[in-house]
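Asks: what's the 3D shape of this:
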Amino acid sequence: MAAPSVGKKAVRARPDPSKVPVQPFKIYRFVWNLSARDQVFLSLLAVAVFLLGTVPLELQRRIVNGAIEAREWERILYLGGAYAGVVLLAGLVKYAMNVYRGSVSERAALALRKATFDKVAAYQAAGGDMANIQGVEVSVVVAESDAVGGFVGSAFSEPLLEAGILLSALGYMIFIQPWMALVVVILFVPQLVFVPLLQLATNRRARDRIGILRQVSNDIITDNDKPEHDAGRPTFMRRIKKVYSLNLQIYGFKFGMNFLMNLLYQFSIVGVLVTGGWLVLNGQTELGTIVAFLSGLDRINDPWNELVNFYREWSVTEVKYALITDLHDRLDAAPAVSAKE
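Replies: Just a heads-up that it's a prediction; the model follows:
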């Protein structure tokens, strides 16, 4: 009779998924231990991509100025060929980096799935009661290996690439026309304040939502065949209404942040056109500089959006990785507990 008692005790002791502690940067230790050499190579490729991506900005400026001021066809043709060559080379390097990322991600997902399978097998071999480890929980963990594995491939190279593109474009803009760059920086700075605050609020609600949905899944599977199942309906309804409320809040934060980011981006375009127009009229800059700035704004806005998306992915992946390691820990500990009992 001892085994069933231990099984029931283990089920009741199962932690609330929303309460599983998430240790910041814990997943980065996993990434580094699993693929340190790959991360170094991917980071070098990322540096090459963002450095090559800065060259077209200067080529655009020179092509426009060459066409309008110098009127030198051979020079324009030469610069156009250089532009095409740089774009092609940057595209090939980025293609190689993305394929490499994919292979690293798939190896990580494979390693996580294998680790989960091996721990379940060891748990069974040690006499653990599989009733204590729900099949749906293992299935979810196996599926979540894709999300965690996908993050492994981009953990270092993605933020390095996007931050590199953003900073190199901004540095180039400051170099060719500091006053226009100052306008861009002034309109960009507010995002450094409201984006982290809104994203933290979104992350908290997303994590609570994951925990509640897992509670709902566990209740449906464990209680569906019991006579008192209908008695659990009020709890079920309360939880799904909470999920509904959390989803609405997440939408509000997410699309509110997108609205503010897009608004400031459009204000930056207006600021560049107005400031640049005044400088051109006063002979303090060239038309090609304005064209380069407008292109540079895209090279700042796009990577900034990608960095925000990366932060979102990192936050969610930290939660999923914590749930995976929590299951692994319980698979390791449960047979030992059963043996003592």
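Asks: now the strands for this protein?
Replies: Remark: no strands are assigned in the chain by DSSP state E.
Asks: where do the helices sit along it?
Replies: 2-13, 26-65, 73-125, 135-154, 157-176, 178-223, 233-281, 287-340 (DSSP state H).
Asks: which other residues reach the fifth one?
Replies: Translated: helix 157-176. 39, 42-43, 45-47, 49-51, 53-54, 57-58, 61, 97, 101, 180-181, 184-185, 289, 292-293, 296, 299-300, 302-304, 306-307, 310 (C-beta atoms under 8 Å, 6 or more residues apart in numbering). Just so you know, the C-beta spots here come from the backbone N, C-alpha and C atoms, and that holds for glycine as well.
Asks: pull out the buried members of the residues you listed.
Replies: Buried by 16 or more other C-beta atoms under 10 Å: 39, 42-43, 45-46, 49-50, 53-54, 57-58, 61, 97, 101, 180-181, 184, 289, 292-293, 296, 299-300, 303-304, 306-307, 310, out of these.
Asks: the bottom helix or strand of the chain by mean pLDDT?
Replies: helix 2-13 (a mean of 38; mean pLDDT, DSSP states H and E).
Asks: do you know how far Ala201 is from Ile165?
Replies: Look at Ala201 and Ile165: by C-beta to C-beta, to the nearest Å, they are 27 Å apart.
Asks: more neighbours, those two?
Replies: Ile165 (23 against 15; other C-beta atoms under 10 Å).
Asks: so where is this structure shaky, pLDDT-wise?
Replies: 1-25, 66-71, 128-142, 214, 217-232, 334-341 (pLDDT under 70).
Asks: please redo it, this time with the cut-off set to 50
Replies: Along the chain, the parts satisfying pLDDT under 50 run over 1-20, 22, 227, 337-341.
Asks: what about Leu110, how many residues nearby?
Replies: Neighbours around Leu110, by other C-beta under 10 Å: 12.
Asks: not counting residues beside it along the chain, what's closest to it?
Replies: Gly149 (7.6 Å; C-beta to C-beta, 6 or more residues apart in numbering).
Asks: list the contacts of that neighbour.
Replies: Gly149 neighbours (C-beta under 8 Å, 6+ apart): Ser105, Glu106, Arg107, Ala108, Ala109, Leu110, Ala111, Leu112.
Asks: so the first one makes contact with Gly153?
Replies: Yes. With contact defined as C-beta atoms under 8 Å, Ser105 reaches Gly153; the gap is 3.4 Å.
Asks: the two - which one has more neighbours?
Replies: The neighbour count for Ser105 versus Gly153, taken as other C-beta under 10 Å, is higher for Gly153 (26 against 21).
Asks: so who does that one touch?
Replies: Leu42, Tyr100, Arg101, Gly102, Ser103, Val104, Ser105, Ala108.
Asks: can you put the residues you listed in JSON lines and add distance to Asp329?
Replies: Listed next are the contacts of Gly153 as JSON lines, based on distance: C-beta to C-beta, whole Å:
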{"residue": "Leu42", "distance to Asp329": "30"}
{"residue": "Tyr100", "distance to Asp329": "32"}
{"residue": "Arg101", "distance to Asp329": "29"}
{"residue": "Gly102", "distance to Asp329": "30"}
{"residue": "Ser103", "distance to Asp329": "29"}
{"residue": "Val104", "distance to Asp329": "25"}
{"residue": "Ser105", "distance to Asp329": "24"}
{"residue": "Ala108", "distance to Asp329": "19"}
